[in-house]
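Asker: sequence isn't available, so here's the structure alone:
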């Protein structure tokens, strides 16, 4: 019995570790670019990051991408591509920092973000994020409240109906981090701060928050692929086992 519990514990740990390894496409533009520092934070958290330069003429989203990370300026063509990518299949995710809400609010991507901007913007020396909704993935390795430099920018973000505010901020007393699960199971996360090296990214808690946001965005509901469902009826049961047993040992010519 003890061996069984040990095995289950190891299996659970392995599955959790696997869930933390997310394929991230980080889109870099020329405006307030900080892609390398963000990539370093996500990589340190266990994710695999591919950086692509966006010149506004369109880009390719690799088939293996689970989460797109947008920061800085967003070209309209890119916003449309990312919106179409999110709508094509559940289980995909998007994480944005605050500039994206300004640039993409009126386009197709804006309708998929969990927040709207109230056009308030400031450069506080310190911002405090306080947990508003408990979530084991978004709160992983984070205290109930933490502070970081907001000198590169904080935007007043208001959550949309149905969105979840995971962390509130003390500058505008509004959404610091909000998430939304779309009808197809894709997930989007918006963060009210600029992820800038030398400022917010100096905070280990803020870097962990980016890692957690990617984790949450990647775990939406995707198409169900049921291992062991041999006859394709949506359940693994005796019928599947009998098919395997009756065909045990067979091979292709």
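Answerer: Here it is on my side, so go on. No experiment lies behind these values; they were computed from the predicted model shown. Numbering: from 1, shown residues only.
Asker: quick one: low-confidence residue ranges for the stretch 1-150 of the chain.
Answerer: 1-20, 31-33 (pLDDT under 70).
Asker: strands of that one, residue ranges please.
Answerer: Under the criterion DSSP state E, counting those that start in this stretch, the stretch 1-150 of the chain contains strands at 23-28, 48-53, 67-70, 93-96, 115-122, 127-131, 145-148.
Asker: how is this protein divided into domains?
Answerer: 2-218, 226-253 (automatic domain parsing).
Asker: and among those domains, the most buried is which?
Answerer: Among the domains of the chain, ranked by average contacts under mean count of other Cβ atoms under 10 Å, first place goes to domain 2-218 (a mean of 18). Where you see a C-beta, it was placed from the backbone N, CA and C, and this is true even at glycine.
Asker: circling back: between the strands of the stretch 1-150 of the chain, which gets nearest to residue 156?
Answerer: strand 115-122 (3.2 Å; Cβ to Cβ).
Asker: show me what the closest one is packed against.
Answerer: With contacts taken as 3 or more Cβ pairs under 8 Å, 6 or more residues apart in numbering; DSSP states H and E, strand 115-122 sits against helix 98-104, strand 154-159.
Asker: turn the ones you listed into a markdown table, including distance to residue 125.
Answerer: Listed next are the helices and strands packed on strand 115-122 as a markdown table, based on distance: least, Cβ to Cβ, whole Å:
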| stretch | distance to residue 125 |
| --- | --- |
| helix 98-104 | 17 |
| strand 154-159 | 11 |
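Asker: tell me which of the ones you listed lies nearest to residue 122.
Answerer: Going by Cβ to Cβ, the one of those nearest residue 122 is strand 154-159, 5.7 Å.
Asker: contact partners of the closest one?
Answerer: 98, 101-102, 114-124, 127, 165, 169, 171-172, 174-176, 178, 190, 192-194 (Cβ atoms under 8 Å, 6 or more residues apart in numbering).
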